[in-house]
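1. below are the sequence and a predicted model for it; my questions follow.
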Amino acid sequence: METRHKILILDDDADWLGLCRELLADLPSRPEILTANTAKRALALLETEKIRLLISDLKMPRIDGLQMIAIVRRRFPATRTVVLSGLEDEDYRSRAYALGVDLFWLKVEMQRNVKLFYECLESLLGQSDREGDTGFRGIQSKSLMDIIQMECLSRSSTVLRITRGPLVAKLWIQDGELMDAECEGARGEAAFYRLLAWRAGTFENLPAEPDRERTIQKPVNALLLESAQSLDESAHPSLEPESVESNLHRKTMWKLSQLTREGAEFVIAVPLAGPGEPEALGTQNFSALAQWTQRAAEIARRLGDRLEAGPLLHVAGQNLERQVLMLARGDRAFLVGWPPDATENLPEKSRKLIASWDS
Amino acid sequence: MGFLAKFFGDRAAVQQLPAGTITVDRQGHIITSTVSSAFPKNLLREIARDVLELFREGRVAQLPLAEVALHFGSLRITARELRGGAIIFLFPQTALSPTPTPARP
């Protein structure tokens, strides 16, 4: 007799639970849907029922989603875990993946793309069938090279989505062959090399896209070897003046191209404390603007502390000629200038620009 | 109530985030306010002073700003310049609060 898998949905919002129950009842494998509005109730169900998949919200009273996932991963390792959250924050995504969740979805994305969400859930339920209780889960502290090699050696077909802070890159792998790559606005081999320079991040496997156009013709091992050589050279740079100058020039050109691609007017980086000169691209008036950036960072930090208003996200300013956005990252503050008609999500775009600028 | 205060004083009090609107003149004096009177006046004056300083420093840097917004994890402060003074909007934020972009000046 065919067994019906059990899916447990945990969320403190009763309306959302009802909606999820209705949506998931339409899954092709017709799983049994259980719901819980508290972590305590969910744990009781996990003790008594054989739950194949837990779908949990993050923001909940008493025991939040991350705590819940940590408990489930330890006490019920055979249960697959999915986070379904309304919090659009890369930090939460990284923390959830670090805990070993199988999937992280945003609630809005799930509603927009129900079909893909179904496919992911079916794949998780199906995998459990094929593998039973065997196999290893959770890859941590592996380099990107290791992960790509593993995918290619096992002749996988998948899309690897790699996230580093606000930056997102994708690798298309079909039958163990690297087909295409996208990273920081670049595509193909250039994107692949750029991606391999990332030192940390999180990754997830998305369903394969067999129709993806092939832009990478070289074998993956050749690409990995070339990339390893170039990373080695950049780690031990030649000290000849010409070579140093050429590296600096290449770096500046790269930053300028990033600036143009995103549509920003200028970027200024200012050290928040200690020695160091401001660095600027795209503006002549950078010493006065650097001073304003430093001052704005100081004022915002002081005000945030006095009001206990939480961490500073950014300071935005605008007039009829331009918009500016000040963000602090590490020990530096950045001021990004945008044209007055730029309306897209400027904080997110600025964060991406700064992250790739700093890489 | 008074009994507990004798033991613990008011050190452990959680500060409420300000919500409302204030207008300030160019000297930083508060002209009007819709912020709860329970919120400390000196903190409101500090907000006003800091916001005016941001506008003033902007003018010095040849970046005269018509609007400034400070986004913190749990509070957004949006200020529009008004002939040297400012109108300042204070919005406490929750994780699920929308963050509307105010209309252009």
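-> Received it, and whenever you're ready, just let me know what you need.
2. got the residues of chain B near chain A?
-> Within chain B, the positions near chain A by C-beta under 8 Å from any C-beta of the partner chain are B:15, B:17-18, B:43, B:46-47, B:50, B:53-54, B:57-58, B:60-75, B:77, B:95-96, B:101, B:104-105. C-beta here means a position set from N, CA and C on the backbone, and glycine is covered the same way.
3. buried subset of those residues?
-> Listed as buried from the residues of chain B next to chain A are B:17-18, B:46-47, B:50, B:54, B:57-58, B:61, B:63, B:65-72, B:74-75, B:77; burial here means 16 or more other C-beta atoms under 10 Å in any protein chain shown.
4. and the residue in chain B that chain A sits nearest to, how far is that from A:Leu313?
-> Residue nearest to chain A within chain B: B:Gly73 (2.5 Å; C-beta to the nearest C-beta). Look at B:Gly73 and A:Leu313: by C-beta to C-beta, to the nearest Å, they are 7 Å apart.
5. that older thread, so which of the buried ones among the residues of chain B next to chain A belong to helices?
-> Those of those mapping onto helices are B:Glu46, B:Ile47, B:Asp50, B:Leu54, B:Glu57, B:Gly58, per DSSP state H.
6. so can I have JSON lines of the residues you listed showing distance to A:Glu122 and pLDDT?
-> Output for these, formatted as JSON lines (distance: C-beta to C-beta, whole Å; pLDDT from 0 to 100):
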{"residue": "B:Glu46", "distance to A:Glu122": "56", "pLDDT": "94"}
{"residue": "B:Ile47", "distance to A:Glu122": "53", "pLDDT": "95"}
{"residue": "B:Asp50", "distance to A:Glu122": "54", "pLDDT": "94"}
{"residue": "B:Leu54", "distance to A:Glu122": "53", "pLDDT": "94"}
{"residue": "B:Glu57", "distance to A:Glu122": "57", "pLDDT": "92"}
{"residue": "B:Gly58", "distance to A:Glu122": "55", "pLDDT": "93"}
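7. poorly predicted segments of chain A, please.
-> Counting by pLDDT under 70, chain A contains low-confidence ranges at A:1-2, A:127-142, A:231-251, A:253-254, A:257, A:274, A:357-359.
8. and what of chain B?
-> In chain B, residues with pLDDT under 70: B:1-14, B:94-105.
9. mind listing the strands for it?
-> Counting by DSSP state E, the segments of chain B that form strands are B:20-24, B:30-33, B:67-72, B:75-82, B:85-92.
10. looking at these, which is buried most?
-> strand B:67-72 (a mean of 23; mean count of other C-beta atoms under 10 Å in any protein chain shown).
11. name the nearest residue to whichever residue of chain A sits closest to chain B, sequence neighbours excluded.
-> Using C-beta to the nearest C-beta, the single residue of chain A nearest to chain B is A:Gly310, 2.5 Å away. Closest residue in space to A:Gly310, ignoring its immediate chain neighbours: B:Gly73 at 2.5 Å, by C-beta to C-beta, 6 or more residues apart in numbering or on different chains.
12. and chain A, which residues reach chain B?
-> Counting by C-beta under 8 Å from any C-beta, chain A sits next to chain B at A:59, A:86-87, A:285, A:288-289, A:291-292, A:295-296, A:299-300, A:302-304, A:306-320, A:324, A:340, A:343, A:347.
13. just checking, which of those residues belong to helices?
-> Taking DSSP H as the definition of helices, these contribute A:288-289, A:291-292, A:295-296, A:299-300, A:302-304, A:306-307, A:347.
14. and the two most separated of these?
-> Using C-beta to C-beta, the pair of these lying farthest apart is A:Ala288 and A:Leu307, separated by 28.2 Å.
15. more crowded one of these two?
-> Higher neighbour count among A:Ala288 and A:Leu307: A:Leu307, with 21 against 15, using other C-beta atoms under 10 Å in any protein chain shown.
16. please name the residues that touch that one.
-> Residues counted as contacts of A:Leu307 (C-beta atoms under 8 Å, 6 or more residues apart in numbering or on different chains) are B:Gln15, B:Leu17, B:Pro18, B:Leu43, B:Ile47, B:Phe72, B:Leu75.
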